[in-house]
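Engineer: Predicted coordinates and the sequence they were generated for:
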Amino acid sequence: EFNNGKDLTLIVGHDTNIATTLAMLDVKMPDLKQLEKYPIGSKLIFAINDDNSFDLYIAFFDFKDIRNFNLSNPQIIKIASKIFLK
């Protein structure tokens, strides 16, 4: 759906969907120093470039912030760049 004319396509799922998506894209999950490999409430962000490649980010809340009910500062980390779909 790269060239569908829409500004946003949203896919909702669970940590297994994140694992499957990263495996399909051949992207290794970095060590985020969290309790789980795919933190609770993680989101993948696809920033599409003009050349139809995309950069990939993961957004998540630190487990300490979740425990303390401080959800105002998610961490956003770039995990891949200039990816092209095959």
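Structural biologist: Everything's here; your move.

Engineer: CA only for contacts and neighbour counts going forward, please
Structural biologist: Fine.

Engineer: Going by residue numbers, what spans are helices in this protein?
Structural biologist: 15-24, 63-67 (DSSP state H).

Engineer: Switch those over to a markdown table; also include distance to residue 38, mean neighbour count and mean pLDDT.
Structural biologist: Converted to a markdown table, these look like this (distance: least, Cα to Cα, whole Å; neighbours: other Cα atoms under 10 Å; pLDDT from 0 to 100):
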| stretch | distance to residue 38 | mean neighbour count | mean pLDDT |
| --- | --- | --- | --- |
| helix 15-24 | 6 | 13 | 87 |
| helix 63-67 | 11 | 12 | 81 |
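
Engineer: and of those helices, who's closest to residue 57?
Structural biologist: Closest to residue 57 of those, according to Cα to Cα: helix 15-24, at 11.0 Å.

Engineer: contacting residues around the closest one?
Structural biologist: 28, 29, 38, 39, 40, 42, 44 (Cα atoms under 8 Å, 6 or more residues apart in numbering).

Engineer: Can you select the buried ones among those residues for me in PyMOL?
Structural biologist: Of these, the buried ones go into a single PyMOL selection, burial set by 16 or more other Cα atoms under 10 Å:
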select buried, resi 38+39+40+42+44
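
Engineer: Of the contacts of helix 15-24, which pair is most distant in space?
Structural biologist: 28 and 40 (18.0 Å).

Engineer: Pull the CA coordinates from the worst-scoring helix or strand of the chain on mean pLDDT and hand them back as CSV.
Structural biologist: When each helix and strand of the chain is scored by mean pLDDT, DSSP states H and E, helix 63-67 comes last, with a mean of 81. What follows is helix 63-67 as a C-alpha-only set of coordinates in CSV (Å, rounded to 0.1, in the frame of the first residue of the first chain):
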residue,chain,number,x,y,z
PHE,A,63,8.4,0.1,32.3
LYS,A,64,9.2,2.4,35.2
ASP,A,65,7.1,5.1,33.7
ILE,A,66,4.2,2.7,33.3
ARG,A,67,4.4,1.6,37.0
